[in-house]
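# from the sequence below, what's the structure:
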Amino acid sequence: MASEAVPAAPRESSSSVNKNAVLVLIAVVQFMVILDSTIVNVALPTIKVDVGFSEQNLSWVLNAYTLIFGGFLLLGGRAADRIGRRRIFMAGIAIFAGASLVCGLSQSEGMLLVARGVQGLGGALASPAALSLILTTFAEGPERNRALAVWGAIAGAGGAIGLLLGGVIVEVLSWRWVFFVNVPIGAAVLALAPRIVPESRSESAQKGGYDFGGAASITLGTIALVFTLIKADSWGWTSGRTLAGFAVAALLLVAFILIERRHPDPLVPLRIFKNRSLSAADGSLLVIAAALFGVFFFCTLYLQQVLGYSALRTGVSYLPLSLSLIFASALASQLVDRAGPKPVLSVGLVIATAGFVLLTRISGHDDYWSHLLPAMIVLGTGLGLSFVPITIAATSGVAAADSGLASGLLNTTQQVGGSLGLAILSSISTSRANHALAGGSPLPEALTHGFKGAFVVAAGLCLIALLLAVSLLPGRPRAQEDVEAEHAALSFARCPGAPYCGALTSVVAFGRRVRHAFEH
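Model prediction:
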């Protein structure tokens, strides 16, 4: 794992190492990848028209990246610890920048989707290696905490700026520059990294083996499941192809469990799920991410395709959600210290569910101020109150040696949950929109009908997450020994594996730092 040796990974310390330069270089990479995540979402409607995506296949622009990133994230962290953190970091950047170039040059659906998948692989290598470099370059304590604060602040800035910059790039240049911008940044990082970043490895990781079988089976199994969910509406839910797709996905996921049980050094040791708090929190996050991905995907399409907003205006429209997230997360941090994670998470999910319900009231007319804005503020408040306690719950009672594993699971869960949710919601939205079109409804009205159906299901998913948290999450208070694992998890969860999820976690962490700054 990327942070498997958080407390005790061997460090290659040298007086010649400029730690500030290392931090700046890694922060630039973090900014680039977070920026790319948010920019792509704003550019989706333009990509759809220019490349010729169908409404149903457009979600793969996000899912192709997310699935590969989530599937290989833990393996990328293991490879960094074993082969060399700087080496894997540079390999990830090279792959990410090269794939970005191909994305920008893409002339077809297939070319863009394959390149997005390769981008995800680059991110799965670079992101955990970057965090590992911070943890092994800076000494534990105030020095490391300051470095992680900078890392998180840069990530939060990338998430917010990406919304605005994405709109500017799409309008002034083209959607292709959303990807081209990564190429010169990647080239500069590759030129400077050998001179600035020290190489380091983990002795314990070098003794283990690679669980390629586990990474491949979980990634391919999830891809098969998502692909079948997206195609099931056009194939027919009881057709042979649909049933075969679900069967292949089930076999691959069962194979993953069997591999993890037998592998001497598994990607995900199944013993960790005996921790009830971790299992309940990860399960809840899986469902929350499934609902959350759809919100940003469909709100972007609604704003641009139905209300006629420009890409820039769309980006600005999301700022109230980010601001409410910051303030709510700062409040959540304080409340968790007093009441524990479970009650705060429960309240947050109730509020978030109400936000999803408000989204179902969209009318297809000029209703940003009357419907979308209130929904975004309520959603931001609910999610801000949910992210902090769910991260704490996912790391409660976790041994120091397993903090990296818990952190990686937290991030992987939100990537996989988001992909599955987007596949389900996209299928529902497309089906309802096509049905409305067949009934003679105009396109804006049909799209709105489809989006409202997706928001109804998203509200149901958030309610399921609430039921999981209330019924399964133990009510144990936050223990002092959990704070270090929680801090590592929040840092690791800022890896931008999926559009918005990584960025939102960054904003949440920023809110926590704002609160601590005022306290001290």
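# going forward, measure contacts between C-alpha atoms and count neighbours the same way
Will do.
# burial count for Arg241?
Neighbours of Arg241 under the rule other Cα atoms under 10 Å: 15.
# give me the pLDDT for the closest residue to it other than its chain neighbours.
Excluding the flanking residues, the one nearest Arg241 by Cα to Cα, 6 or more residues apart in numbering is Trp235, at 7.0 Å. On the pLDDT scale, Trp235 is placed at 85.
# what's the answer for Thr353, then?
93.
# next one: Pro10
The model's pLDDT for Pro10 equals 42.
# specify the residue positioned farthest from the middle of the chain.
Gly440 (38.0 Å; Cα atoms, centre = their mean).
# quick one: contacts for Gly421?
Counting by Cα atoms under 8 Å, 6 or more residues apart in numbering, Gly421 touches 287, 289-291, 293-294.
# if we use 6 Å, what do you get?
Gly421 sits next to Ala290 when contact means Cα atoms under 6 Å, 6 or more residues apart in numbering.
# need the helices for the stretch 101-250 of the chain, in chain order.
Here the stretch 101-250 of the chain has its helices, by DSSP state H, counting those that start in this stretch, at 109-137, 142-172, 177-180, 182-196, 203-207, 212-235, 240-262.
# check the offset of stretch 186-199 from the chain's centre.
26 Å (Cα atoms, centre = their mean, to the nearest Å).
# list the contacts of that stretch.
22, 86, 97.
# secondary structure, distance to Ile230 and neighbour count for the residues you listed - can I get that in TSV?
Below are the contacts of stretch 186-199 laid out as TSV (DSSP: H, G, I helix; E, B strand; the rest coil; distance: Cα to Cα, whole Å; neighbours: other Cα atoms under 10 Å):
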residue	secondary structure	distance to Ile230	neighbour count
Val22	helix	42	21
Arg86	helix	38	24
Ala97	helix	29	27
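# ok, so of those residues, who is nearest Gly166?
Ala97 (17.6 Å; Cα to Cα).
# nearest residue to the closest one other than its sequence neighbours?
Val183 (5.0 Å).
# any buried residues in the helix or strand hosting Gly70, and which?
Assigned by DSSP states H and E, Gly70 falls within helix 60-83. For helix 60-83, a neighbour-count test (16 or more other Cα atoms under 10 Å) marks 60-83 as buried.
# re earlier: how many neighbours does the residue nearest to Arg241 have?
Trp235 - counted by other Cα under 10 Å - has 14 other residues nearby.
# any idea how far Ala79 is from it?
Per Cα to Cα, to the nearest Å, Trp235 is found 39 Å from Ala79.
# now Leu251
26 Å.
# again with Ala216
Counting by Cα to Cα - Ala216 and Ala79 are separated by 15 Å.
# buried ones in whichever helix in the chain runs longest?
Ranked by residue count under DSSP state H, the longest helix found in the chain is helix 403-438. The neighbour-count check on helix 403-438 (16+ other Cα under 10 Å) flags 403-434, 436-437 as buried.
# can you pull out the low-pLDDT segments for the stretch 101-250 of the chain?
Where the stretch 101-250 of the chain drops to pLDDT under 70, the residues are 140-142, 144-145, 148-163, 202-209.
# redo that, cut-off 90
Applying pLDDT under 90 to the stretch 101-250 of the chain picks out residues 107-110, 117, 120-121, 123-175, 177-179, 181-182, 185, 189, 193-241.
# over to the stretch 351-500 of the chain?
Those would be 361-372, 376, 379-431, 433-445, 447, 468-500, if you go by pLDDT under 90 across the stretch 351-500 of the chain.
# so the residue lying closest to His371 once chain neighbours are set aside, which state does it fall into?
Sequence neighbours aside, Ile362 is the residue nearest to His371 in space, at 6.0 Å (criterion: Cα to Cα, 6+ apart). What DSSP: H, G, I helix; E, B strand; the rest coil gives for Ile362 is coil.
# following the longest helix of the chain, which helix or strand shows up next?
Next element after helix 403-438 (DSSP H and E): helix 443-472.
# helices or strands up against that next one?
Counting contacts by 3 or more Cα pairs under 6 Å, 6 or more residues apart in numbering; DSSP states H and E, helix 443-472 packs against helix 276-301, helix 341-359, helix 403-438.
# Arg146: which of those helices is closest?
Judging the helices and strands packed on helix 443-472 by Cα to Cα, what sits closest to Arg146 is helix 403-438, at 19.4 Å.
# tilt between that closest one and helix 443-472?
Put simply, helix 403-438 runs at 140 degrees to helix 443-472, going by axes from the mean of the first three to the mean of the last three Cα atoms, to 10 degrees.
# please state the offset of helix 403-438 from the chain centre?
For helix 403-438, the distance to the chain centre is 11 Å (Cα atoms, centre = their mean).
# also stretch 301-316?
Going by Cα atoms, centre = their mean, where stretch 301-316 is centred and where its chain is centred differ by 22 Å.
# from here on, count from 466
In the new count, where the first residue is 466, that last one comes out as stretch 766-781.
# what does that stretch contact?
628-629, 632-633, 909.
# so which bits of that stretch are buried?
766-772, 774-780.
# okay, how far is it across that stretch, tip to tip?
End-to-end for stretch 766-781, by Cα to Cα: 15 Å.
# could you give the angle of the longest helix of the chain to helix 741-766?
Using the same axes, to 10 degrees, helix 868-903 lies at 40 degrees relative to helix 741-766.
# roughly how far does the nearest residue to Leu824 once chain neighbours are set aside sit from His900?
Computed as Cα to Cα, 6+ apart, the closest residue to Leu824 that is not its neighbour in sequence is Ala840, at 5.8 Å. As judged by Cα to Cα, Ala840 and His900 stand 26 Å apart.
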